[in-house]
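K.L.:
Okay, structure incoming, though there's no sequence with it:
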């Protein structure tokens with residue numbers, strides 16, 4: 001029997017719906033359940049073919065457990081090794097290299113020294129920081145947010161320098177990014193599953209959390225939606241994430257990738273709505289079942305594999321003999 005485990009925290013709707021959906025198909029040799037683990041033994045492999053991870057970003061014990069499981073052949077959705085290394089600023093850098101539009105963004109030094117460090121630890125850091133250059137590049141209307149965070153925690157909407165420095169002073173020892181605000185007319189949040197399927201959801205981050213998914217959206221330009229779909233796939237294929245949400249803010253017809261580090265994306269029935277919920281439950285079930293059928297998985301411990309890209313193959317160029325009349 002190949003087991004699909006769901007590892008989760010405070011969620012109440014998505015995990016049980018996913019287990020129920022998988023088991024209702026009555027696929028011979030495949031069973032879904034909630035993960036259960038105690039102290040994890042080094043000499044014992046966890047008994048799961050696939051684990052859908054919804055919580056290890058908040059629980060270091062679970063992250064270590066998942067790495068151990070991955071080394072022993074369990075397929076983890078999403079890869080815990082790459083998830084441990086990823087951050088938002090890297091994502092923005094990668095997007096730029098891929099040709100995906102991103103707003104002007106800078107990464108900033110910690111306001112407070114990280115624990116165990118002093119000003120002597122920061123002797124490579126420019127001081128004072130050239131704030132005029134920062135604002136000349138990004139502008140004074142933007143968003144200050146952690147380089148590694150989620151759930152809108154410690155995110156500040158900035159309208160001027162006074163608001164910026166007030167928010168920056170509150171950032172403690174977090175490493176923050178400051179990003180130019182996009183004056184958007186359309187905004188989309190996209191589920192991307194299996195690096196192949198995209199579900200575009202009209203979204204408004206300015207509204208209360210339970211009203212952000214627009215249930216009766218207007219008609220959108222088909223070329224715009226196609227570009228959103230292609231860019232979402234391009235990002236997730238490059239990052240190697242099998243489950244993610246990618247957010248785009250559209251200004252003057254250009255979709256800017258705003259946030260695409262969401263490997264445990266919101267899938268709560270009460271926030272995303274019934275139609276979006278049904279889609280994500282079915283597609284994650286399909287993905288988990290397909291991966292379970294091919295398990296166990298031998299993990300490739302190289303960064304190119306984590307990033308979903310094969311190393312570049314170099315081909316030898318044949319040298320052409322040149323004739324020279326003067327020889």
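P.N.:
In hand now; what should we look at? The structure displayed is predicted, hence computed values, not measured ones. Numbering: from 1, shown residues only.
K.L.:
going forward, measure contacts and count neighbours with C-alpha atoms only.
P.N.:
Fine.
K.L.:
give me every residue that touches residue 190.
P.N.:
Contacts here follow CA atoms under 8 Å, 6 or more residues apart in numbering; on that basis residue 190 touches 198-201, 232, 245-247.
K.L.:
Please repeat the previous calculation with a cut-off of 6 Å.
P.N.:
199-201, 245-246 (CA atoms under 6 Å, 6 or more residues apart in numbering).
K.L.:
From the residues you listed, keep the buried residues only.
P.N.:
199-201, 245-246 (16 or more other CA atoms under 10 Å).
K.L.:
which one of those is nearest residue 45?
P.N.:
Nearest to residue 45 among the buried ones among the contacts of residue 190, counting by CA to CA, is residue 245 at 30.6 Å.
K.L.:
Quick check: what element follows the helix or strand containing residue 192 along the chain?
P.N.:
Following DSSP states H and E, one finds residue 192 within strand 186-193. Next in sequence after strand 186-193, counting helices and strands by DSSP H and E, comes strand 197-202.
K.L.:
Show the average pLDDT along the strand holding residue 192.
P.N.:
Strand 186-193 carries an average pLDDT of 98.
K.L.:
tilt between it and strand 197-202?
P.N.:
Here strand 186-193 runs at an angle of 150 degrees relative to strand 197-202 (axes from the mean of the first three to the mean of the last three CA atoms, to 10 degrees).
K.L.:
mind listing what's buried in strand 186-193?
P.N.:
186-193.
K.L.:
same check, this time on stretch 43-53
P.N.:
Buried, per 16+ other CA under 10 Å, within stretch 43-53: 46-53.
K.L.:
repeat for stretch 126-145
P.N.:
For stretch 126-145, by 16+ other CA under 10 Å, it's 134-135, 138-145.
K.L.:
what's it in contact with?
P.N.:
Stretch 126-145 is contacted from outside by 104, 155-160, 176-181, using CA under 6 Å, 6+ apart.
K.L.:
By neighbours, which of those wins?
P.N.:
residue 178 (30 neighbours; other CA atoms under 10 Å).
K.L.:
So what sits opposite that residue in the bridge?
P.N.:
residue 106, residue 144 (DSSP bridges).
K.L.:
so is residue 163 in a helix, a strand, or just coil?
P.N.:
Under the three-state scheme (DSSP: H, G, I helix; E, B strand; the rest coil), residue 163 adopts helix.
K.L.:
so how many other residues sit close to it?
P.N.:
By other CA under 10 Å, neighbour count at residue 163 equals 15.
K.L.:
Likewise for residue 103?
P.N.:
Count around residue 103 with other CA under 10 Å applied: 18.
K.L.:
and it, what element?
P.N.:
Using DSSP H and E, residue 103 falls outside every helix and strand.
K.L.:
re earlier: out of the contacts of residue 190, who's nearest residue 150?
P.N.:
For these, the nearest to residue 150 is residue 245 (11.8 Å; CA to CA).
K.L.:
that older thread, so which pair among the buried residues of stretch 43-53 is furthest apart in space?
P.N.:
Going by CA to CA, the pair spanning the buried residues of stretch 43-53 furthest: 47 and 53, at 15.1 Å.
K.L.:
and the angle from the helix or strand where residue 231 lies to strand 186-193?
P.N.:
Per DSSP H and E, residue 231 falls inside helix 222-239. Here the directions of helix 222-239 and strand 186-193 differ by 40 degrees (the same axes, to 10 degrees).
K.L.:
Check which element follows helix 222-239 along the chain.
P.N.:
Once the chain leaves helix 222-239, the following helix or strand, as judged by DSSP H and E, is strand 243-251.
K.L.:
quick one, strands of the stretch 201-327 of the chain?
P.N.:
243-251, 254-259 (DSSP state E, counting those that start in this stretch).
K.L.:
Make JSON lines from these and add distance to residue 39 and mean pLDDT to it.
P.N.:
Shown next, in JSON lines, are the strands of the stretch 201-327 of the chain (distance: least, CA to CA, whole Å; pLDDT from 0 to 100):
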{"stretch": "strand 243-251", "distance to residue 39": "28", "mean pLDDT": "97"}
{"stretch": "strand 254-259", "distance to residue 39": "35", "mean pLDDT": "96"}
